[in-house]
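K.L.:
Model the structure of this input:
(one chain, ligands or ions: 1)
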Amino acid sequence: MTPIYPVIWRDDRVLLIDQTLLPTQYALVEINDYQDMVKAIKTMIVRGAPAIGVAAAYGMYLGAREINTQQRDTFLTQLEIVAQKLRETRPTAVNLFWAISQMLKTASESLGTVEEIKHNLLITAQNIQKQDLQTCQNIGNNGLEILANKPEKLTILTHCNAGALATAGYGTALGVIRSLWTAKRLAGVYADETRPRLQGAKLTAWECVQEGIPVTVITDNMAAHCMKKGLIDAVIVGADRIAANGDTANKIGTYGLAVISKMHQVPFYVAAPLSTVDFELETGEKIPIEERHPSEIYQVGHTRLCPEGVNYYNPAFDVTPAELITAIITEEKVVKPIDLLAFKE
Ligand SMILES: CSC[C@H]1O[C@H](OP(=O)(O)O)[C@H](O)[C@@H]1O
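P.N.:
Model (predicted):
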């Protein structure tokens, strides 16, 4: 099985798997400048909290590469303009902002010439990518440890795509699923299609099929019925931003899934790197929720679903309160939401 890497640094440019074309077409998009990266994040060619963090880091390097000055202060001022354009792409996933701040930190702490700063920025972007891959593998192993304590194989329900495509590789929620599968502790996956952009039906299903993991795609409104029939042993989802108290922003529909999980006493796990925790936010109340274009609701492919004259509301995320979350699977360990603060530096 060839590992899936959504962001690739090769021959001095970035290649992105175009996730808007999957599963019917696998294509790599060449990104040569930071404006292309801004567009790629906005249009979700690359998506998923950690993946857009990695993409933004490379976007910062591509932007730095285009700055033609040897004056340090001028360079740093122009790099901030690149940072702001990348910040404005999508508001919810904190990994994007974390990665940009890591790149700016490298630039401001780098001594030497502007060329040396640019070199250090590339190294930082590559390290962010490498660290995220290792983080996902650690999340996978920690999830295996906490879940594989029963003799029978597990059936896991997941929402959206928190897989290799959403990270530097391996995945967070799907990272746990991959680790369970490798350890022969997994019976199969139920993947919510995840309206309106269908990341579950298109991307999670694609990843599972690539690895031969049995996957059942269901529409989002079937999850409660599946739990009532006893088909689901646990739910594992990703995260875009976690507040200090454990309230978690994730793809729209996650909150509802947490409520029905509670109702059916199905364990509900969030799998996420610590870089997804925003310790500046005490609770999830102030997590910025991205609203996307209504066409994502009223159109599927070239088919229009709704008549003219209809209003729309298209929040891309919702916030699951900490009390509905059984535990958060991080790269360090599995913690109760209330214990997250222990990781605050
Ligand atoms: C590894 S967490 C990925 C996270 O990001 C997704 O959102 P989007 O596809 O809009 O970028 C979704 O919330 C996933 O859980």
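K.L.:
Let's verify residue 194: helix, strand, or coil?
P.N.:
Of the three states, residue 194 takes coil under DSSP: H, G, I helix; E, B strand; the rest coil.
K.L.:
before we move on, what about residue 15?
P.N.:
Here residue 15 is strand, with the state taken from three-state DSSP.
K.L.:
Next, residue 299: phi, psi?
P.N.:
Main-chain torsions, residue 299, degrees, to the nearest 10: phi -130, psi 140.
K.L.:
ok, and the closest non-adjacent residue to it?
P.N.:
Nearest non-adjacent residue to residue 299, counting by Cβ to Cβ, 6 or more residues apart in numbering: residue 305, 6.7 Å away. Heads up, the C-betas are built off the backbone N, CA and C, glycines and all.
K.L.:
where's the one you found relative to the ligand, distance?
P.N.:
Look at residue 305 and the ligand: by Cβ to the nearest ligand atom, to the nearest Å, they are 20 Å apart.
K.L.:
Report how many residues lie close to that residue.
P.N.:
For residue 305, the count of nearby residues is 10 (other Cβ atoms under 10 Å).
K.L.:
try the one 4 residues further on
P.N.:
The number of residues packed near residue 309 is 5, by other Cβ under 10 Å.
K.L.:
Name all residues that make contact with it.
P.N.:
Not one residue lies near residue 309 by Cβ atoms under 8 Å, 6 or more residues apart in numbering.
K.L.:
Per-residue pLDDT of it, please?
P.N.:
As summarised for this prediction, residue 309 has a pLDDT of 95.
K.L.:
Residue 303 versus that one, what's the distance?
P.N.:
Relative to residue 303, residue 309 is positioned 18 Å away (Cβ to Cβ, to the nearest Å).
K.L.:
same deal with residue 322?
P.N.:
Here the criterion is Cβ to Cβ. By it, residue 322 lies 39 Å from residue 303.
K.L.:
just residue 109 next, same as before
P.N.:
The gap separating residue 109 from residue 303 is 52 Å, by Cβ to Cβ.
K.L.:
for stretch 74-89, which positions count as buried?
P.N.:
For stretch 74-89, burial by neighbour count (16 or more other Cβ atoms under 10 Å) applies to 75-76, 78-79, 82-83, 86, 89.
K.L.:
Nearest to the ligand among those residues?
P.N.:
residue 89 (10.8 Å; Cβ to the nearest ligand atom).
K.L.:
Contact partners for that closest one?
P.N.:
With Cβ under 8 Å, 6+ apart, residue 89 has these contacts: 38, 41-42, 52, 56, 96.
K.L.:
got the residues of this structure near the ligand?
P.N.:
47-50, 160, 162, 166-167, 172, 199, 237-240, 250-251, 316 (Cβ under 6 Å from any ligand atom).
K.L.:
Looking at the record's assignment, how would you partition this structure?
P.N.:
Following automatic domain parsing, one finds the domains of the chain at 7-134, 150-343.
K.L.:
Residue 144: which of these is closest?
P.N.:
Judged by Cβ to Cβ, the one of the domains of the chain that comes nearest to residue 144 is domain 150-343, at 4.1 Å.
K.L.:
from the chain's centre, how far out does that closest one sit?
P.N.:
In this view, domain 150-343 has its centroid 10 Å away from the chain centroid, taken as Cα atoms, centre = their mean, to the nearest Å.
K.L.:
Show the average pLDDT along stretch 206-223.
P.N.:
On average, stretch 206-223 scores 98.
K.L.:
Buried residues, that stretch. List them.
P.N.:
For stretch 206-223, a neighbour-count test (16+ other Cβ under 10 Å) marks 206-208, 210-211, 213, 215, 217-218, 220, 223 as buried.
K.L.:
again with stretch 66-74
P.N.:
Of the residues in stretch 66-74, 67, 72 count as buried by neighbour count, 16+ other Cβ under 10 Å.
K.L.:
Any idea how far apart the tips of that stretch sit?
P.N.:
Stretch 66-74 has an end-to-end distance of 13 Å (criterion: Cα to Cα, to the nearest Å).
K.L.:
cool, and stretch 165-172?
P.N.:
Using Cα to Cα, one end of stretch 165-172 lies 10 Å from the other.
K.L.:
what residues does that stretch touch?
P.N.:
For stretch 165-172, the surrounding residues in contact (Cβ under 8 Å, 6+ apart) are 3-7, 17, 19, 22, 47-51, 54, 128-133, 136-137, 139-140, 162-164, 174-175, 177-178, 203, 207, 238-239, 271-273, 329.
K.L.:
Format the domains of the chain as JSON lines; extra columns: distance to residue 144.
P.N.:
Formatted as JSON lines, the domains of the chain follow (distance: least, Cβ to Cβ, whole Å):
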{"stretch": "domain 7-134", "distance to residue 144": "16"}
{"stretch": "domain 150-343", "distance to residue 144": "4"}
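K.L.:
what's near enough to touch residue 100?
P.N.:
Residues near residue 100 by Cβ under 8 Å, 6+ apart: 56-57, 60, 83, 86-87.
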